[in-house]
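Undergrad: sharing a model prediction with you, sequence too.
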Amino acid sequence: MEEQFILRVPPAVAERIERLLNDPTSSSEDKSLDLSFSDDGRTGTFVIGNDRFSASLLDLPTVVESYKTYDDSVLIKTADIGQMIMVREEDDTVPEAGEYRHGLTPPMRDARRRRFRREPDLNPEVVSRVEKDLQNIMAGGTAENFDILLSCYSGTLKIGYCL
């Protein structure tokens, strides 16, 4: 596996980086590139030429797999990517809580809220009582404080456990 990251930059910076990589005769002011982070490991600066931009290390809502091919027919997985470095203009807002909520593509907009199930609200008292009853039943005993509900639906007898 390789070590990889996603670098998201403003469009003007992306053009400069592309020019730097593809055109060896580009101006000398764009030839310097630097990315450094502060002690917290989440905020830093991105420098291209003489311009400085704020950068943040953000967690993605899901893991993104990266693939490459050598023969245009077989894909080989090269990495799992869970974080992104976002370079911002001065007037852009900083995402909250160190997580980029929207993923990499438009369908992943606000993905964690829309696609992942929230934890159910359970009363700890009820959970411990059911756990105790299950342990008693598994040990050959009986459950305490329960009602048996009998219902007949489509010719099938169903027994329910109610607390």
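TA: Perfect, I can see it now.
Undergrad: what about K77, how many residues nearby?
TA: 11 (other Cβ atoms under 10 Å). Every C-beta, even on glycine, is put in place using the N, C-alpha and C of the backbone.
Undergrad: tell me the spacing between it and Y67.
TA: When Cβ to Cβ, to the nearest Å is the yardstick, K77 and Y67 sit 6 Å from each other.
Undergrad: for R52, same thing?
TA: With Cβ to Cβ as the criterion, R52 and Y67 are 34 Å apart.
Undergrad: surely P10 meets M86?
TA: No - counting by Cβ atoms under 8 Å, P10 sits too far from M86 to count as a contact (9.9 Å).
Undergrad: in the chain, where's the longest strand?
TA: Longest strand of the chain, by residue count under DSSP state E: strand 51-69.
Undergrad: quick one: contacts for the residue nearest the centre of the chain?
TA: Relative to the mean C-alpha position of the chain, the nearest C-alpha, by Cα atoms, centre = their mean, is the one of P61, at 2.1 Å. Applying Cβ atoms under 8 Å, 6 or more residues apart in numbering, we find P61 in contact with E99, Y100, R101, H102, G103, M108, A111, R112, F116.
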